[in-house]
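Peer 1: Attaching a predicted model along with its sequence, questions to come.
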Amino acid sequence: MRSALLFATGSIEQAAIERAHDVRIALFAIVAAQPVMLAAGLLQPGPLPAWLPGYTVELVTHREGRDERRLLQADEPELILRELRRKQ
């Protein structure tokens with residue numbers, strides 16, 4: 001079984017997201033940390049805390065006809081592994 005991880009720093013086109021899903025590529029977007037963490041409810045509005053890096057990583061997936069972006073967390077490796085497994 002072959003699979004891959006791909007990190008992108010720019011926008012990701014819809015066709016690329018769908019193709020990555022079809023060929024078992026886990027697709028990651030490097031994004032600004034503050035807006036993502038605010039949206040996830042992990043930060044309060046205001047300046048970034050000193051411990052928070054300026055950028056973070058979201059897993060970009062395509063499920064049931066729609067795209068999903070999830071902030072990666074250390075306790076959820078299954079999110080990545082699911083993207084790498086062979087389709088049944």
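Peer 2: Sure thing, it's come through. Since this is a predicted model, take the numbers as computed values, not measurements.

Peer 1: and the residue nearest the centre of the chain, backbone torsions?
Peer 2: Centroid-nearest residue in the chain, with Cα atoms, centre = their mean: L59, separated by 1.4 Å. Here is the backbone geometry of L59 (degrees, to the nearest 10): phi -90, psi 130.

Peer 1: Is M37 in a helix, a strand, or coil?
Peer 2: helix (DSSP: H, G, I helix; E, B strand; the rest coil).

Peer 1: burial measure for it, as a count.
Peer 2: Neighbour count of M37, defined by other Cβ atoms under 10 Å: 18. C-beta: built from backbone N, CA, C; applies to glycine.

Peer 1: related to what we said a few turns ago, what's the residue nearest to the centre of the chain in contact with, if anything?
Peer 2: 26-28, 69-70, 72, 79-80, 83 (Cβ atoms under 8 Å, 6 or more residues apart in numbering).

Peer 1: All the strands of this structure, residue numbers only.
Peer 2: Along the chain, the segments classed as strands by DSSP state E run 4-8, 25-32, 55-63, 66-71.
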